[in-house]
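Visitor: sequence-free structure coming up:
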């Protein structure tokens, strides 16, 4: 079908209100806010070992340095020229009067803006007057070039001695915060002190700037440029000096500009404002010393030549010098009316100058020098004929250049008037002196500064190349199988830094945190205090969102690596025991955890494979895969536990406790009665194989037909070779005994992929869960040493039941920290139970890797709190204007459409701190998630508000792919016992159990069928299925 609407662009009808669409953006982009009242003072966290570089806008640091180097000297030069010009044009009392008018205007503007605070009032009143006073003070000071330049050179030498080493120390420490440096390497490199700045180029430059311009400022400029260029090229040859210097200066000036005050951020000793003032002080001393010494960066020889020509040439070529200095307009013919020996500046016919005018001081000095020159001419010419005008002219032609040289050499601003005089006479090429002055002002001080720091900069550039490496040579601590994340984790784990919590005064240890990532907008590190996991953690994210590779795996790796405990005398803290129930079956996670567990054994010096300390245990029901033996009876049995308690544990583990209610309570009691009787049997079953034999014997009794569910479940479990036997004949190294795992800090990995869709797999996971819980309870009741144990369950909703809330509460009480993960929070609601309230109230840390459910998204927005938003809206109207067009003597009225502004409004509203757009954007990013921590602790203080976190891969992608394809671990190697290998798959075992159940229940079903036929008659044929 043809639709003409798509053939031409859409034109709104005349008079329509058109609303233009724009993407909704908020400034600032992040709603993250630290709870500063619960964090230690920033000064106490400045030297943390993590030393994260907080540079969210790192790309513009070089541009920032170029702007500073270009604008600052240019602004100083403009300030000097302005002070000279203003003070020569307007008397001081006139300038002060204008400052009063400016102050009045500023007060009016402040009143209209509603900013009438004492601070702003004081600034408005005093700033204009102080600015005028400063300009006149500068103008009066720079009249004596030699004295002022010498004083500035002395001050600069002292300041460089006091402040000159600060930039070098900063840049060295900044280099050593590179994320790919280990703590030991950082400590070793910190002992290498960078060379001190070279002060001799500075001193020699200042001597030249003070003495040589008295004779030739152009020569002085060339010598200074050549000297410092040679120093720079000698020390920085082959090192890209300009790029290296700009990069170093950019970091020095820009670092800390957006510091959020978060812990873990590297903070130098000097704040950014102090570093700015240091740089301005050092550069300004060089600038003013060279500026006043080198006649405001203009080759004074050129200006001097122009003034001499103005004085000794005829009127046809130029005006006399007094026209420039005294503003005289009377033309003078030098051939008809010869001037005196030297023209006096303050001529009698000129109007009187007000005493307050600072120009009088300049004229007095010039007249004094002219009078002295006249005396010399009179003394020499007295020996010649008084009428010898030719001799006098020749002498004056030689004497005037000396006079002008003295004038420009003592007063660096005189060249301004010389250039002005030359331009007024049409010699426009003298105008090039102004851009030359600006160019030299922008480059020469920076060149001197670069020469002073050439030697330490060469060392620091080489140090940075050693640390960061290049394509040709790898950097220090380079390891291709380690990501940047690993170095950050090592810094935190090996830190001895301690701070004091402000609310309770307790100690906060940096090493007692897990590194989660970086806040993407503000750039500070996000640390998770380990005690927060005491109240469990919940990780949610759809398939492929990274909840395993970016959430579970990084946390497991950090828990498996040893960290420092500054509260202990030996400063060492052993790793906790870990139990993993992997109901998804991630091969890369399995291989990574096994590699970390093996590395942990080597780190503790355990080489005997039969040694249970820090061992790795693996259980799986899959066919053909080696597995350790796991007997839940051995882990659950205890002298403190009665047979009835053991019976209840097994029923809960096997989901045979159906709860209360009609029908359910009956089968629960029948299962409990039969299981208790089996456990009390004289055979004393201690494995599922023995238990099934007892149950099979008891089930043959009359009236036991309705306990086939218990018998069938136990029968399924008895088919697993690595689960059925009691393992008494096996060595300890071939079995999984959870009380032993807690004692010897083992890692126990249950590989139970739910993709098998096996009921028995879920029952095995529950048996492992209850076995761990009972082992932790027994250990605490026996008075043994506490063991903080971590339980990881991926896709935990498959084994969670009605009593899961009680399990979480008991686990927290007995030292088991649960980290639970699944794909969506909506999966926690089933027809039988709703686990969402239990997860919300019993987990203190939540990580959302992807949020697609609208209800979950709305909950996150609500939890994030509210903030004030100011929005502006502009409406444009599409209307028409009538025009009358004349043509061929006829008149035609036409309507021309146009856009016009219809209105502009501004509104203030409350919005969620975390918007739906923020959540969608974070969910779409492959390496970001939303962290929500309630009741912060340690350095994890975000005020209960969810924040975005950007993390990194704990292992390279190539290693991840390789581990995902590695063969199944060989568990029997070196142990001396062949590991168990299952010959039947869980599905086959469940199918056989189903068939067995049907066989056992068929006689009962047939008897019921016959009884129904006896009472109600035979079933019609057409009614049979």
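Guide: Structure received. In this text, all values refer to a predicted model and were calculated from it rather than measured experimentally.

Visitor: In the stretch 651-800 of the chain, where is pLDDT below threshold?
Guide: Per-residue confidence for the stretch 651-800 of the chain (pLDDT under 70) gives these ranges: 661-663, 701-706, 754-759.

Visitor: all helices of it, in order?
Guide: In the stretch 651-800 of the chain, the helices defined using DSSP state H, counting those that start in this stretch lie at 664-679, 688-699, 708-718, 721-724, 738-743, 759-781.

Visitor: What lies in contact with the second one?
Guide: What that stands for is helix 688-699. Outside helix 688-699, the residues that touch it by C-beta atoms under 8 Å, 6 or more residues apart in numbering are 632-633, 674-675, 677-679, 681, 683, 685, 704-705, 707-708, 710-711, 714-715, 717-718, 720, 723-726, 1000. All C-beta atoms are positioned from the backbone trio N, CA, C, and that covers glycine.

Visitor: now the helices of the stretch 651-800 of the chain in a markdown table, with distance to residue 615 and mean neighbour count?
Guide: Output for these, formatted as a markdown table (distance: least, C-beta to C-beta, whole Å; neighbours: other C-beta atoms under 10 Å):
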| stretch | distance to residue 615 | mean neighbour count |
| --- | --- | --- |
| helix 664-679 | 30 | 18 |
| helix 688-699 | 24 | 20 |
| helix 708-718 | 25 | 23 |
| helix 721-724 | 16 | 22 |
| helix 738-743 | 8 | 22 |
| helix 759-781 | 16 | 22 |
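
Visitor: can you tell which of these is closest to residue 158?
Guide: The closest of the helices of the stretch 651-800 of the chain to residue 158 is helix 738-743. By C-beta to C-beta, the value is 66.9 Å.

Visitor: To residue 557, which of the helices of the stretch 651-800 of the chain lies closest?
Guide: Closest to residue 557 of these is helix 738-743 (C-beta to C-beta; 19.0 Å).

Visitor: just how off-centre is that closest one within its chain?
Guide: On the basis of C-alpha atoms, centre = their mean, to the nearest Å, helix 738-743 is displaced by 41 Å from the centre of the chain it belongs to.

Visitor: Tell me the helices and strands packed up against that helix.
Guide: helix 759-781 (3 or more C-beta pairs under 8 Å, 6 or more residues apart in numbering; DSSP states H and E).

Visitor: and the closest residue to residue 647 other than its chain neighbours, what does it touch?
Guide: Spatially, and ignoring its direct neighbours in sequence, residue 647 is nearest to residue 676 (4.6 Å; C-beta to C-beta, 6 or more residues apart in numbering). Under the criterion of C-beta under 8 Å, 6+ apart, the contact list for residue 676 reads 643, 644, 647.

Visitor: What confidence value was assigned to the second one?
Guide: Looking back up the chat, that one is residue 644. In this model, residue 644 is scored at 87, pLDDT.

Visitor: Leaving out sequence neighbours, find the closest residue to it.
Guide: Excluding the flanking residues, the one nearest residue 644 by C-beta to C-beta, 6+ apart is residue 676, at 6.3 Å.

Visitor: Can you give the distance of the host helix or strand of residue 634 from its chain's centre?
Guide: Assigned by DSSP states H and E, residue 634 belongs to helix 632-636. Its chain's C-alpha centre and that of helix 632-636 lie 48 Å apart, by C-alpha atoms, centre = their mean.
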